[in-house]
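In: how would this look folded up:
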Amino acid sequence: ENFFINWTASDVKPLKAIDQFNIESENENQLFKMLNQHNSIKGIIGPTIAKVYSGDERNWFSVTVVVSNELLSDAIEIMDKLNAEGITIVQNKLVFDGTTDIEKLLTG
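Out: From the prediction side, this is the model:
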């Protein structure tokens, strides 16, 4: 099984917040390098990191990765060490690694 994990990262110290994962980071590249050090949160190809434009003038990023069931506990432990808060985990029914023939999928 694979799980979809989404969180938000900031350049400030972690705060108590619902549905946010706060990480001290100067920019997307620094955040990527920090995340890429951990195999369980690299994702299938890599993490998706997007700038969030919030009103609090902090440097926020939204991060999304796909994590296998076997690596989920390790991923949660690593996110805890990175001061993750409010992690959203959604179980995926289907995750396609590579190109998929949609016709075969639909006629199944």
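In: residue 31 is in what secondary structure piece?
Out: helix 28-35 (DSSP states H and E).
In: count of residues packed around the nearest residue to residue 41 once chain neighbours are set aside?
Out: Of all residues not flanking residue 41 in the chain, residue 75 sits nearest, at 5.0 Å (CB to CB, 6 or more residues apart in numbering). Yep, even glycine has a C-beta here, placed from its N, CA and C like the rest. When neighbours are counted by other CB atoms under 10 Å, residue 75 registers 23.
In: quick check: residue 75 vs residue 46, distance?
Out: Distance, residue 75 to residue 46, using CB to CB, to the nearest Å: 14 Å.
In: end to end on stretch 72-91, go ahead and measure it.
Out: Terminal residues of stretch 72-91 lie 11 Å apart, using CA to CA, to the nearest Å.
In: pull out the buried positions in stretch 33-50.
Out: For stretch 33-50, burial by neighbour count (16 or more other CB atoms under 10 Å) applies to 35, 38, 40-43, 47, 49.
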